[in-house]
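Dropping a prediction and its sequence here:
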Amino acid sequence: VQLVESGGGSVQSGGSLRLSCQVFGYAFSSYCMGWFRQAPGKEREGVATMNSVGGTSVADSVKGRFTFPQDNAKNTLYLQMNSLKPEDTAMYYCAASNKWWCLLDPSHFGYWGQGTQVTVSS
């Protein structure tokens with residue numbers, strides 16, 4: 001299983017970015033997938049999870065600003081981030097679980113991408 005992320009960068013407050021996570025060797029539509037982030041000096045925190053039956057759980061801190069489309073034909077997840085704030089600055093990771101249900105907890109996930117940096121300036 002390999003998860004390859006791309007799309008990070010620097011943006012001003014209020015701007016938008018879209019991250020991609022292409023998944024190899026894994027039928028992500030059958031299992032729980034997640035987005036996490038980790039800021040310097042802080043623990044990794046959940047952004048959102050998507051289970052195999054279409055359910056999505058989203059952290060309060062990003063509700064209404066982030067969406068999570070996916071393209072099953074390309075085996076790719078996206079993290080569309082709008083109205084970005086400086087506190088969204090972090091390394092962002094996509095993750096895959098071997099379970100169909102989700103928990104917004106890093107320990108639920110066994111496969112991780114390499115991460116992509118998002119920096120939001122004020």
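Thanks, I have the structure now. Residues are numbered from 1 along each chain as shown.

Tell me which residues of stretch 38-53 come out buried.
Of the residues in stretch 38-53, those scored as buried under the neighbour-count criterion (16 or more other CB atoms under 10 Å) are R44, G46, V47, A48, T49, M50, N51, S52. In short, each C-beta sits where N, CA and C put it, glycine included.

how far does that stretch sit from the chain's center?
From the chain centre to the centre of stretch 38-53 is a distance of 7 Å (CA atoms, centre = their mean, to the nearest Å).

and what of stretch 52-60?
Put simply, stretch 52-60 sits 12 Å off its chain's centre (CA atoms, centre = their mean).

List of residues touching it?
For stretch 52-60, the external contacting residues (CB atoms under 8 Å, 6 or more residues apart in numbering) are 29-32, 45-50, 66, 68, 100, 102, 104.

Quick one: end-to-end distance for that stretch.
One end of stretch 52-60 to the other measures 22 Å (CA to CA, to the nearest Å).

returning to that earlier point: where's the dip in pLDDT among the buried residues of stretch 38-53?
pLDDT across the buried residues of stretch 38-53 is at its lowest for S52, which sits at 83.

just to confirm, which helix or strand has that one in it?
Counting by DSSP states H and E, S52 is held by no secondary-structure element, helix or strand.

mind listing what the closest residue in space to it that isn't next to it in sequence touches?
Excluding its sequence neighbours, the residue lying closest to S52 (CB to CB, 6 or more residues apart in numbering) is W100, at 4.1 Å. For W100, the contacting residues are S30, Y31, C32, N51, S52, V53, by CB under 8 Å, 6+ apart.
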